[in-house]
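**Q** what's the 3D shape of this:
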Amino acid sequence: MFWRHAHETYHMGFRGQVRKSTLANANDAHDWRIYADFAQVLFAQARPLYATEPMGVELDKNLYALDSSTIDLCLSPFPWARFRRHKAAVKMRTLLDLRSNIPTFIHITDGKVHDVNVLDLILPEDGAFYVMDRGYTDFERLYRLTLESAFFVVRTKSNVLLQWRYSHPVNKETRVRSDQTVVLASFESASVYPDVLRTNYRQGEDLYLYHTRATPECARSLFLNYAGMTNDLFNHPQWYNAITHNCTTEIFTFKTMKHQPHDWRILLNGKADQMEYEQGELAGDLPFSDLKQRAYINPVARAADKDPRFSAKIREGRPGFSNAIE
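**A** Numbers count the residues shown, from 1 in each chain. Sure, this is the predicted structure:
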């Protein structure tokens, strides 16, 4: 950049040609923090000039993109930047203000430092949006953004377990496939991020809440068996068949109310409720179509959202529950 604008160096205070070796010596002799602090001063002066620039999305708050770049180096002059056995590299993480296209944060480390560690160094901005790649998926660190009233958009990893809560209407013209509210299903993730998340992970799902005729003792036994199996899988992972061993089939495997005959509806999503109704396991003396209609809770779940009485509200008016309106 310096040599590209060499004809302007006189007005910048340079009276002669500046050699690369001179700049290298200056960088070696001066503390890097001088340049870092000066860069922050320039950023602070330049960003307000773009405060009214359009971003392509209607947001009152700032929008940032966080990403990293790996810069390959020769290992012999940069032995401190060892990346692989015969290769050196540094990683540069940049937080870019998408309204002004000006970086607000730059952090450089050797190539072995994982990207997610940079989240510990960023000061979240109230109301701002942070867009990141899946390399920054660490729910304990991301929850800190939520606690600071910031928002984040991140690509989820394939091994993240999510449990659907309810769906939100979407405008297909915006190219948004779906808008779902979910919670983290694994104990490890949910313990560090207990709040709900919004995702387009699933689309077009409806949620029904039924009350079974199982006794409290039977329900407790089923839950403990299911939790024990989950803990065993955590301690001793094993391969499984997603068709014959899933969340539905395993519940029926541990079901203790009575012997469960084989039924093809156990293997298909959305069919087990009618099978349970035919076997007399669902509370409510109604035709199945009426019972299913009253068990539908999507609108109520959306309205309740973060209400502390969420659990009670989705049960109001449902057949079989103590607060139901029969």
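
**Q** What segments of the stretch 151-300 of the chain are strands?
**A** Applying DSSP state E, counting those that start in this stretch to the stretch 151-300 of the chain gives strands spanning 151-154, 162-168, 179-184, 197-199.

**Q** which stretches of the chain form helices?
**A** Here the chain has its helices, by DSSP state H, at 20-29, 32-46, 139-147, 187-192, 216-235, 247-253, 272-278, 288-295, 298-304, 310-313.

**Q** Worst mean pLDDT among the ones you listed?
**A** Comparing mean pLDDT across the helices of the chain, the lowest value falls on helix 247-253: a mean of 64.

**Q** Return the helix or strand in this structure with minimum mean pLDDT.
**A** Least confident helix or strand of the chain, by mean pLDDT, DSSP states H and E, is helix 247-253 with a mean of 64.

**Q** tell me the domain ranges of this protein?
**A** As assigned by automatic domain parsing, the chain contains the domains 156-205, 216-313.

**Q** where in the stretch 101-250 of the chain is pLDDT low?
**A** 198-205, 239-250 (pLDDT under 70).

**Q** ok, now with 80
**A** For the stretch 101-250 of the chain, the stretches with pLDDT under 80 are 158, 172-177, 186-188, 190, 196-206, 219, 222-223, 225-250.

**Q** Distance-wise, check residue 273 relative to residue 169.
**A** For residue 273, the distance to residue 169 equals 25 Å [C-beta to C-beta, to the nearest Å]. Backbone N, C-alpha and C define where each C-beta goes, glycine included.

**Q** Between these two, which has more neighbouring residues?
**A** The neighbour count for residue 273 versus residue 169, taken as other C-beta atoms under 10 Å, is higher for residue 273 (17 against 7).

**Q** My guess is the more buried one contacts residue 282. True?
**A** Yes. If you go by C-beta atoms under 8 Å, residue 273 and residue 282 touch, sitting 7.2 Å apart.

**Q** anything in contact with each of the two?
**A** Shared contacts of residue 273 and residue 282 (C-beta atoms under 8 Å, 6 or more residues apart in numbering): residue 210.
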